[in-house]
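Chemist: A predicted structure for the sequence below; I have some questions about it.
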Amino acid sequence: MYKSGDHEKAYALLTAAAADGDALSTYALATWHLFGIYVRKNLKEGNRLLRIAADKNVAAACSDLGVSYYNGWGVRRSYNSAAKFYLRAFLLGDVDAAQWIMQLFYWEGTEVSPRTVGREFGRFQTARGM
């Protein structure tokens with residue numbers, strides 16, 4: 001629908017699916033808000049939706065939220081939060097997030113709390129039933 005130009009219908013379907021709890025639809029809506037696709041660009045709303053999708057273990061949402069925190073786009077810049085979400089994305093299978101983690105620790109390593117990293121590994125182990 002989106003490719004055919006029916007943005008209104010695509011937006012309505014995404015909104016309905018997100019309201020029903022579909023994490024990928026929530027992530028898609030987040031990107032629409034972040035980039036101003038069909039809706040007015042709204043970084044705060046985009047990041048709010050990214051957080052919902054990230055809490056439902058959507059790796060791309062975690063990675064995008066890491067970018068937002070690293071750059072301070074629509075949220076207060078926080079290297080700890082960036083590390084948290086990049087690491088979560090990596091643990092969920094987004095191998096490209098490893099590059100962001102390496103960069104973050106190389107350039108901003110002293111700004112990242114080891115507890116932040118430890119909590120994410122703990123969250124991962126809990127999710128796997130360990």
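Modeler: Here it is on my side, so go on.
Chemist: any weak-confidence spans in the protein?
Modeler: 1-4, 130 (pLDDT under 70).
Chemist: now do the SS call for residue 38.
Modeler: At residue 38, secondary structure determined by DSSP: H, G, I helix; E, B strand; the rest coil is coil.
Chemist: isn't it right up against residue 32?
Modeler: Yes - applying CB atoms under 8 Å, one finds residue 38 in contact with residue 32, separated by 5.9 Å. Quick note: C-beta positions are derived from backbone N, CA and C, even for glycine.
Chemist: now for these two: what residues contact both?
Modeler: Applying CB atoms under 8 Å, 6 or more residues apart in numbering, one finds that residue 38 and residue 32 are jointly contacted by residue 11.
Chemist: buried residues in stretch 73-90?
Modeler: For stretch 73-90, burial by neighbour count (16 or more other CB atoms under 10 Å) applies to 74-75, 78-90.
Chemist: next up, phi/psi of residue 128, please.
Modeler: Reported as degrees, to the nearest 10, the phi and psi values for residue 128 are phi -90, psi 0.
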